[in-house]
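**Student:** Pasted the sequence and its predicted model underneath.
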Amino acid sequence: MDDTLRALVWNRALNGDTARLQVWFEAAVLDKYRQAGFKIMRTNSAGRVRSPGWSLDFGIADGDSLIHATISDLAQRLPESEREHWAEHAAMPAASRNFLLMRFGGGGCIDDGDIREWT
């Protein structure tokens, strides 16, 4: 990620502006809407899916294989009935399964090895 993107996205998030954080999805998430005849428009770097009742703007990345949108747009503009479909196409970087379980599962520390200094 270049320095401009880092400043625009991550530095703002670290200072509390989390609504602009991006979430990435496989571009195949849009196939459902193409097949249903929804209007999907794009430029080289951004697009919009528009249905009769809602629309969502997104960025286009990684040679058209990924799209991304802000957390606030997803929460406010994506109907609840569509959220599971988008979740199924979420593109995730490598992550610690145990750490995510600790944070989202409400559990404490997961014993997965000896505690040691990171040298």
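**Tutor:** Cool, got the structure. Numbering: from 1, shown residues only.
**Student:** The longest strand along the chain packs against which elements?
**Tutor:** Taking DSSP state E as the criterion, the chain has its longest strand at strand 55-61. Contacts defined by 3 or more C-beta pairs under 8 Å, 6 or more residues apart in numbering; DSSP states H and E place strand 55-61 against strand 22-26, strand 46-50, strand 66-70, helix 71-77. In this view, the C-beta of every residue, glycine as well, is placed from N, C-alpha and C.
**Student:** And for it, what's in contact with it?
**Tutor:** Applying C-beta atoms under 8 Å, 6 or more residues apart in numbering, the external contacts of strand 55-61 come out as 22, 24-25, 27, 42, 44-49, 66-69, 73-74, 77-78.
**Student:** follow-up on the earlier one: can you tell me which of the helices and strands packed on strand 55-61 is nearest to Thr119?
**Tutor:** Nearest of these to Thr119, taken as C-beta to C-beta: strand 22-26 at 32.7 Å.
**Student:** what's next to that closest one, contact-wise?
**Tutor:** Contacts with strand 22-26, where a contact means C-beta under 8 Å, 6+ apart, come from 9, 58-59, 61, 65-71, 74, 86, 89-92.
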